[in-house]
Structures are given as structure tokens and as C-alpha cells.
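> For reference, the sequence and a predicted model appear below.
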Amino acid sequence: MMENANVEPGSGAVPLPEEPELHDTFLLKLYVAGQTPKSMAAIENLNKICKEHLLGFYKLEVIDLARNPALARTDKILAIPTLVRNLPTPISRIIGDLSDEEQVLIGLNIKKI
Amino acid sequence: MPHPTFNMTPPDVQLEKALTGIEGLDEITSGGLPKGRPTLICGSAGCGKTMFAIEFLVRGILEHGEPGVFIAFEESPEDLAKNVASLGFNLKELEEQGKLIVEYIHIDKSDIAVAGDFDLEGLFLVLQSCVESIGAKRVSIDTLEALFSGFDNHALLRQEIRRLFRWLKDRDLTTVITAERGDGALTRQGLEEYVSDCVIVLDHRIIDQVSTRRLRVVKYRGSVHGTNEYPFLIDDGGISVLPISSLGLDHPASKERISTGVPRLDIMMEGKGYYRGSSVLVSGTAGSGKTSLANFFADATCRRGEKCLYMAFEESPSQIKRNMESLGLNQEQWTSKGLLTYYASRPSLHGLEMHLVKIHKMVKEIRPQVIVIDPITNLTSLATMSEVNAMLVRLIDFLKAEGITALFTSLTSGTQSILEATDVGVSSLIDTWLLVRDIESSGERNRGMYVIKSRGMAHSNQIREFRLSSEGIDLRDVYVGPSGMLTGSARLTMEAEERAAAVTAEQEIENTKIRLERKRQALEAQWAVMQAEFANEEEEAARFISQKKSVQGHLMEDRNEMARQRKSDDAEPLNVKPLNLHPPTLKPSAVNGRKGE
């Protein structure tokens, strides 16, 4: 069994997952395609969530695939809008207009404050 | 009541088609898949959908210069490249040439969280970027249904798929979309609802542990298409479909004659042999020399510099070659020149249809003038008689259309009464039918051969004794005499007896002649003696007559003298006529034998 610094064997204590993450910077990419209602809603929803939960800890890049379709191929984007969390690892993806805040937080692995 | 007639001119605009380049498919669909429209290929796992999709693209690139995009949801480009390398397709090379893009899109449901509404615009963008980067004209999507396992919102998916088809159509992309076969429906997700132009079903059936792939065009809007199930084959040359409905009875008949390879058999058929393009059946019991006849025919074909394809379902090529060497045939010389091709396979290797496809394929590849199938009866182990019959009808039609002379051998078993009846029921399709059979008599088996029928020629009706030796095939007249038909040593014995009898008769005639001659000589000798005797007698008679005459003369003179002396009156002198005592003259012919005459 691998020894993990955060886990004390036998203690039963589970390290809080948000603890290290809160100190990491979230690197987020939101892929949209043009000024569609879903894209606009996604940008709005994401901004709101980030301000509420990740203030100061995130970098957001909004990519308009309508302007640069080749990126859809390289970044393997099928659904629009797609939010990709590149950091912290592992990479995770959330699709949709991000109107379901709870799902977004679960997807980004952020606990509600 | 007469039907109303419409004087309508057909529209100039006809459905444009894109040739797939897949062997046989373009014939079934009379010109390929609908150009600029999506075609749905559905089938269960392992039936060749992906192969179809990739071959459609590769042939499009190689044969029609149309670049293609392959969207793979299931297989990675590496796996795909490996899988089709066995078909001789080099995907990497085509990609490097900028003619093909293999885009792998991996969907893993566990990786994706859904939070709100979304659409699949990304997929469209991926497609767009791929298509634009190489100017693609063809697209394959394998398989679209992977989307359904990736996303839960099926209502949305359906809407997006509908949009995708419209999108593809708008861009004039000829597309092949594969889908899994569903229960009771063509596809699991009912995709056929969206693709209204062309639907092709692939099927992979196992009957008696032998698998057969079949293809059927379920729907092809705006086009005539074959509706049958067509067997198809995936081998190292890709997919080949066997069209079966395109054949008819309109093949031209050649008047050319070609040698059977056995001079005496040629003589039995007006001295010329088979018609070119005809079908020949050689049937016979085991070991009666069918394969040998077939090989002699193959040999004669190669001697003319023509190509022969020999499908052997019983023996390996090397075994046939070895066996033919014992008959003085060197088949190796023809195989090394590429004129003779042996193709050996066990009938149970494929289903019946596969064999047919295989034969088609090889005929198209090799383009032989003559094909030998040895024997067709082995195929019956695969299917019912009617199926074999149907297959042979198609095969014979195909070969006739191609102008190929075909020789089939057929193993018959049993007694004579069924010898002529059980030849897989193909006799009516056959133009020339030779029967080789064993004739058992006086403790030995001999081979007898005769021409049961041969359409369009005055063939011999004689039974010939069929002999195999190191000098080849020899056909001999059988002995037909009062004691019936004799073959083999019985014939030899009978012939020897006849020879002896003839010699005896000859001698008798000679004896009679000699006897006659002797008699003639004897008679002639006798005749000579008699003539000699007669000559003596004649001489004597002549002497006697002349004596008598002179005596008579003297007597007269004396009497006259006496009268003068007696001074008698001048009495009338005594007129004594001399006696006619001349001997009868002999005919000169009768005295031929006399010498000195």
C-alpha cells in the first residue's frame, strides 16, 4: 500500500478535498460557438459561479469556435457549450449552459460554501 | 378497358450517383450511392460495417480522386489503420498525401458532466474543419450511435442528428453512416427515420457452422436497385458483392470450337471438340478419370496460350500435378508461366455463396478463357440441393456472359439407374455432358465413356473404352459382338480370338486356291495327252484317206483302160464321186496347250 502524506493510517480522518484545491488556481476554458443564447447563458452562468466560489483563484478563457473551428478538432469539443477544467488536474469537462449550478460545482469539484 | 397513356418526357435531372468502387455494389445499385446524400449502413456487430465505410472512402480517393473524412467514434486511428492494412489500404500514406483524415472522437460518459442545455455544434465544427482542410467530397461516420451512449438526452440527440444529415446534404457530401442493427428495427436508435435516401443492411449469418455475409439494399429513393440479398466477401482485396439479378439469358453463343485435350474425344464431337463458352459436365463414379479429363482440357487450353482457372475442391494443387505427371502431363510448366492457376479450398471453408463470390472474384482477376471446377458435387455438403442448383445457375450464367468455357466434374455414386439423374440437377444447364463410368466384367473394372449430350453438334453415340496410361488418355473402341460389349482384357481376348479366326480363314482360302490350281494343271496335262492322241488319229486317218483315194484313182484308170481295149461304146464314164473323208477341223483355242502346232 502506498503511503499517502494526507492520510494517517488508522486514524479514519479523511483530508478535506477542497483544502488543497482552494489554494490552486483554476484554469478554465469555456468553448462557445457564436452569440447563441446557450453560449451567452453559459458565459453568464459561469461568471456568476466563479465570482461566488472561486474569486481570485481562477483564470477563465472563453473560446469562440465559430471564429476558430479548427480548435474544436484539436481540443475534441463535441458539445457546445463545453467547460473544460485544465487545472487542477485531472481535466474535467462539463457540458451545457451551466444553468445547473450544483452540477457545475460537482463537475469542477468545488464544494458549496 | 385500355389504360390511359401519359405522354410524359422523363425529367433531365436524374439522381446523381457516386461510384463506390466496391466490387459488385455499383452494379446492384446501378451506379453507386446517392451523390451528396447520406447512406445508412446497418448491421450487427462484426458484419463489416466499418470495412464498408473505410473502403468507400479509400476507393473514392484512389479511383475517383475524391478526398474523404472518416469520423471514428469507436476505433482509434491506429487500430483502424492496422485493421485495414490487411486489405492493402495504407491509411497513413493517404493521410500524408492530404487526401484522407481519420478523426477519432472518443466519448466517455464518465468524463462528462452535464449541466444544462447543450447542442452538438462542436461535432459540426469538427466535421467542417476536417472537410474544409482537404476539400473532402466523401464522409464516413462510424458509428453515429456511439453518441447515444455518450449523452443521455436522446431527444436532443435526435434533433441534432437530423440537423447533421441536413448539414451533410447541404454541403453535398456523399456520406456513409454506420449503425448497429436493432431488435425488430433496422437500427437500434431508429436512425433510418432520418436517412431517407438509401439504406443498406449487412448481415452475417451462420448456417451449419458456416458463415455467410449478405448485403441488401433496403431502400434507395429515386433509383432502381436490386432487392435481393447478395452475398459478399471481405478478403485481402476488400469487399466484393456478388450481383445475382443482373444475369439473364442473353449471352452470345460462339461458334468457335476448342479441343478437349483428348484427340479421340474431339473426334467424337465432329472432330472439333467443345464449343467455346459452353458448359461441360463430366460426371462419373469415383476413380473414373474425371480429374484427368479436366486436366487434359486445362493442358489443351494452356497449349493454345489461353488462361485456365482450376478450382480444386478435393485435391491440393501439388497432388494434382503429381498425379498428372503419371499421365505424362506437365502442369508445372503452365502454372509457372501463369497460364494455369490452381485454386484449392475445402468446400466447408466458406458458405456456398462465398465460393461463388470467390469464383467471381478470381475470374475477374485472372480473366481466364477456361474454368474447371472439380468437383461441383462437394459443394452439396454445404447446402441443400436447390441452393446448390441455384448457385450453379448463377455461376453458369455468369461464365457464359463472360464467354468462359466451363468444365465441371461431378461425382456420382450408386447404380447405373441413378447415374444420369442425380447430377445436382444441373443437367439441363449443361451443354455437353460426358459420362465416365466403370464397367465391371470378367473380374475387372474398366472405364467406359460416352457423350450423353452435346448441344449443337452431331456427336458420336458410341461408348468408348477410356484408358489412362503414361501416354495420356486413350479412347478405344469397345468390342461389340454377339456376346455383348467387352472391355479391358476381355476385349483383348476377344480381339485375339478374332485375329486367330481371321488367320485361319485366310489360310483356308489360300489352300482352296492352291487346290484349284493343281486341278487345273492336272486337267491341262490330261487335255494335252488327249490332244496328242487325237493328232495321231488324225494323221492316221489322213494317211488312210489318201491311200484310199489313190487306190480308187488307179481303179478308175484301170477300168477305163479295159473299156477302151474292149472297144465298147462310148458309154457314159462312170462317175464316182470321191468320198468326203476329211477329218473335222479342231478349233484353235482347244489346241492351245499343244506345242508345235
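Received it, and whenever you're ready, just let me know what you need. Residues are numbered from 1 along each chain as shown, chains lettered A, B, ... in the order given.

> Strands of chain A, residue ranges please.
Ranges of strands within chain A are A:26-32, A:58-64, A:82-87, A:92-95, based on DSSP state E.

> just these: most buried one?
Among those, strand A:92-95 has the highest mean neighbour count (mean count of other Cβ atoms under 10 Å in any protein chain shown), at a mean of 23. Placement of C-beta: from N, CA and C, glycine included.

> Which strands or helices does it pack on?
Other helices and strands packing on strand A:92-95, by 3 or more Cβ pairs under 8 Å, 6 or more residues apart in numbering or on different chains; DSSP states H and E, are strand A:82-87, helix A:101-108, strand B:112-114.

> can you pull the buried residues of stretch B:538-555?
residue B:545 (16 or more other Cβ atoms under 10 Å in any protein chain shown).

> And for stretch B:362-381?
B:362-363, B:368-380.

> swap in stretch B:176-188?
B:176-182, B:186-188.

> Can you list the neighbours in contact with it?
Stretch B:176-188 is contacted from outside by B:33, B:38-45, B:47, B:49-50, B:52-53, B:56-57, B:138-145, B:148, B:189-192, B:195, B:199, B:201, B:218, using Cβ atoms under 8 Å, 6 or more residues apart in numbering or on different chains.

> cutoff 7 Å now
B:38-44, B:49-50, B:52-53, B:56, B:140-145, B:191-192, B:195, B:199, B:201, B:218 (Cβ atoms under 7 Å, 6 or more residues apart in numbering or on different chains).

> Ok, stretch B:80-98 next?
B:54, B:58, B:61, B:72, B:100-102, B:134, B:236, B:238.

> which bits of chain A sit near chain B?
Chain A has residues A:31, A:33, A:38, A:65, A:69-70, A:72-73, A:76-82, A:93-100, A:103-104, A:106-107 near chain B, with proximity defined as Cβ under 7 Å from any Cβ of the partner chain.

> Sketch out the low-pLDDT regions of chain A for me.
A:1-24, A:111-113 (pLDDT under 70).

> Okay, domains of chain B per the record?
Residue ranges for the domains of chain B, per automatic domain parsing: B:6-246, B:257-477, B:492-590.

> before we move on, the earlier item: among the residues of chain A next to chain B, the buried ones, what's the PyMOL command?
Burial among the residues of chain A next to chain B is assessed by 16+ other Cβ under 10 Å; the matching PyMOL selection reads:
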select buried, chain A and resi 31+33+38+65+69+72+73+76+77+78+79+80+81+82+93+94+95+96+97+98+100+103+104+106+107
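
> for the buried residues of stretch B:362-381, which one is nearest residue B:555?
Set against residue B:555, the nearest of the buried residues of stretch B:362-381 by Cβ to Cβ is residue B:370 (116.9 Å).

> partners of that closest one in the sheet?
Residue B:370 forms beta bridges with residue B:308, residue B:405, as assigned by DSSP bridges.

> Please list all residues in contact with it.
Contacts of residue B:370 (Cβ under 7 Å, 6+ apart): B:297-298, B:301, B:306, B:308, B:404-405.

> Now with 10 Å, please.
With contact set as Cβ atoms under 10 Å, 6 or more residues apart in numbering or on different chains, residue B:370 has these partners: B:258, B:274, B:276-277, B:280, B:294, B:297-298, B:300-302, B:304, B:306-310, B:340, B:399, B:404-407.

> so where's the stretch 251-400 of chain B uncertain?
Scanning the stretch 251-400 of chain B for pLDDT under 70 picks out B:382-383.

> Of all residues in it, which one is closest to chain A?
residue B:361 (38.4 Å; Cβ to the nearest Cβ).

> tally of neighbours for the closest residue to that residue other than its chain neighbours?
Nearest-residue entry for residue B:361: residue B:240, 5.3 Å, with adjacent residues in sequence omitted and distances by Cβ to Cβ, 6 or more residues apart in numbering or on different chains. Counted with other Cβ atoms under 10 Å in any protein chain shown, residues neighbouring residue B:240 total 19.

> Would you check that residue B:240 makes contact with residue B:232?
Yes - between residue B:240 and residue B:232 there is a contact under Cβ atoms under 10 Å: 6.3 Å.

> Give me the number of neighbouring residues for residue 41.
Answering for chain A, as no chain was given. Residue A:41 - counted by other Cβ under 10 Å - has 18 other residues nearby.

> try chain B instead
For residue B:41, using other Cβ under 10 Å, the count is 27.

> That one contacts residue B:216, doesn't it?
No - shown here, residue B:41 and residue B:216 do not form a contact pair, counting by Cβ under 10 Å, at 11.1 Å.

> anything in contact with each of these two?
Residues touching both residue B:41 and residue B:216 (Cβ under 10 Å, 6+ apart): B:199-202.
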